[in-house]
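Chemist: model this:
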Amino acid sequence: MTKNLDVLGFELTEAIMILEKNNIGFIVKESFGKEKLEGVKRVIGQKIIADNKIELIISCF
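Modeler: I've put the predicted structure just below:
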C-alpha cells in the first residue's frame, strides 16, 4: 500500500528524494505552459497509480 506522501508544490528534485527515501516508485509527466519551458520544475499534481507507485505532474516556473 502506498504511503500518503504529499509532495505537491515541491521542486522535482526534492520530491524525488522524498519518494526514493520512502521506497515509493514514480513516473513523471510534464505539463507545458504557453510560454515558460525552462525554470524550476515543480510538482503541480500527483495521484496514486498502483500499489507503491505515484504519478507526478510537473511544470516549469
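Chemist: use CA for all of it now, contacts and neighbours both
Modeler: Will do.
Chemist: tell me the secondary structure at the residue lying closest to Glu30 once chain neighbours are set aside.
Modeler: The shortest distance from Glu30 to any residue other than its chain neighbours is 4.8 Å, reached at Ile58 (Cα to Cα, 6 or more residues apart in numbering). The three-state label for Ile58, taken from DSSP: H, G, I helix; E, B strand; the rest coil, comes out as strand.
Chemist: do the same with Ile18
Modeler: Remark: Ile18 carries the secondary structure label helix [criterion: three-state DSSP].
Chemist: and Phe26, by the same measure?
Modeler: The three-state label given to Phe26 by three-state DSSP is strand.
Chemist: surely it and Glu55 touch.
Modeler: Yes: taking Cα atoms under 8 Å as the contact criterion, Phe26 and Glu55 are neighbours in contact, 5.5 Å apart.
Chemist: between the two, which one's more packed in?
Modeler: Neighbours per residue, other Cα atoms under 10 Å: of Phe26 and Glu55, the larger number sits with Phe26, 19 against 16.
Chemist: list the contacts of the biggest strand by length in the chain.
Modeler: Once the chain is assigned using DSSP state E, the strand that runs over the most residues is strand 41-50. Residues outside strand 41-50 that contact it (Cα atoms under 8 Å, 6 or more residues apart in numbering) are 2, 7-12, 15, 54-61.
Chemist: repeat that for stretch 16-36.
Modeler: Residues external to stretch 16-36 that are found in contact with it (Cα under 8 Å, 6+ apart): 2, 5, 52-61.
Chemist: repeat that for stretch 53-61.
Modeler: The contact list for stretch 53-61, computed with Cα under 8 Å, 6+ apart, reads 2, 12, 24-33, 36-49.
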